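In: could you work out the structure for the sequence below:
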Amino acid sequence: MKHFFRYVGLGIGCVLVLLVVYIFGPVLLNNIYVQSFGRTLNDIHHPSESRLLKRVLAVANLGLASNQCDYVAGEFRATTLPKKRVEDFYAPLVNSTLSLTAPLTYEIYFAEDADEHWYLGKHSDTLQTYKQKPLSGERVYLFLIVEAHPPGLDFRCH
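Out: Numbering: from 1, shown residues only. Below you'll find the predicted structure:
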């Protein structure tokens with residue numbers, strides 16, 4: 001009878017370990033991938049009149065109504081440039097990925113328009129903070145690189 005309970009305990013333990021690996025394995029793999037994906041920010045040239053405030057990396061579902069996994073790498077930046085000049089600077093990148101089927105997109109969001117970007121989740125909250133407490137004489141914007149993938153088993157993507 002002693003051996004029976006050992007085998008039952010061992011079986012339950014194995015099932016629990018497999019369940020933890022099944023649930024958190026994809027999360028761990030996506031976290032590792034987004035870290036390497038974040039290095040693509042190093043290749044982006046920003047306006048010389050802008051400065052880095054904060055770099056962000058995330059695995060999320062930015063579409064909210066979609067069923068996909070978005071790898072997000074971005075930078076909150078401050079600049080004294082007018083909004084139009086910032087948009088024009090990034091226009092070649094942003095326009096090169098304006099397709100519903102593009103797996104990689106470049107996006108730019110301004111703090112003054114934060115109310116329109118509620119779907120960005122915690123990044124929207126940060127934009128709201130910069131909108132409510134603006135930096136003296138500077139405009140804050142968020143430059144994002146987003147890569148879309150099927151959701152897989154990562155619960156953050158559903």
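In: hey, let's count contacts and neighbours off CA atoms from now on
Out: Will do.
In: which SSE is immediately downstream of the host helix or strand of Arg85?
Out: Applying DSSP states H and E as the criterion places Arg85 in helix 83-96. Downstream of helix 83-96, the first helix or strand assigned by DSSP H and E is strand 104-110.
In: angle of that next one against helix 83-96?
Out: Interaxial angle of strand 104-110 relative to helix 83-96 (axes from the mean of the first three to the mean of the last three C-alpha atoms, to 10 degrees): 160 degrees.
In: helices and strands around strand 104-110, which ones?
Out: Strand 104-110 sits against helix 83-96, strand 139-149, with contacts defined as 3 or more C-alpha pairs under 8 Å, 6 or more residues apart in numbering; DSSP states H and E.
In: which of these sits most buried?
Out: When these are scored by mean count of other C-alpha atoms under 10 Å, the highest mean neighbour count falls to strand 139-149 (a mean of 21).
In: what about the longest helix in this protein?
Out: Using DSSP state H, we find that the single longest helix of the chain is helix 2-37.
In: who does that helix touch, helix- and strand-wise?
Out: Packed next to helix 2-37, using 3+ C-alpha pairs under 8 Å, 6+ apart, are strand 50-60, strand 69-79.
In: confidence score at the closest residue in space to Leu144 that isn't next to it in sequence?
Out: Among residues not flanking Leu144 along the chain, Gly74 sits closest, at 4.2 Å (C-alpha to C-alpha, 6 or more residues apart in numbering). With respect to pLDDT, Gly74 has a value of 91.
In: ok, the one 5 residues further on next?
Out: Thr79 is assigned a pLDDT of 92 by the prediction.
In: with Leu142 instead?
Out: Taking Leu142 on its own, its pLDDT is 90.
In: what sits against the residue nearest to Leu144?
Out: Counting by C-alpha atoms under 8 Å, 6 or more residues apart in numbering, Gly74 touches Gly38, Leu41, Arg55, Val56, Leu57, Leu142, Phe143, Leu144, Ile145.
In: show me what contacts the first one?
Out: When you say that, I think you mean Gly38. By C-alpha under 8 Å, 6+ apart, the contact set of Gly38 is Leu57, Val72, Ala73, Gly74.
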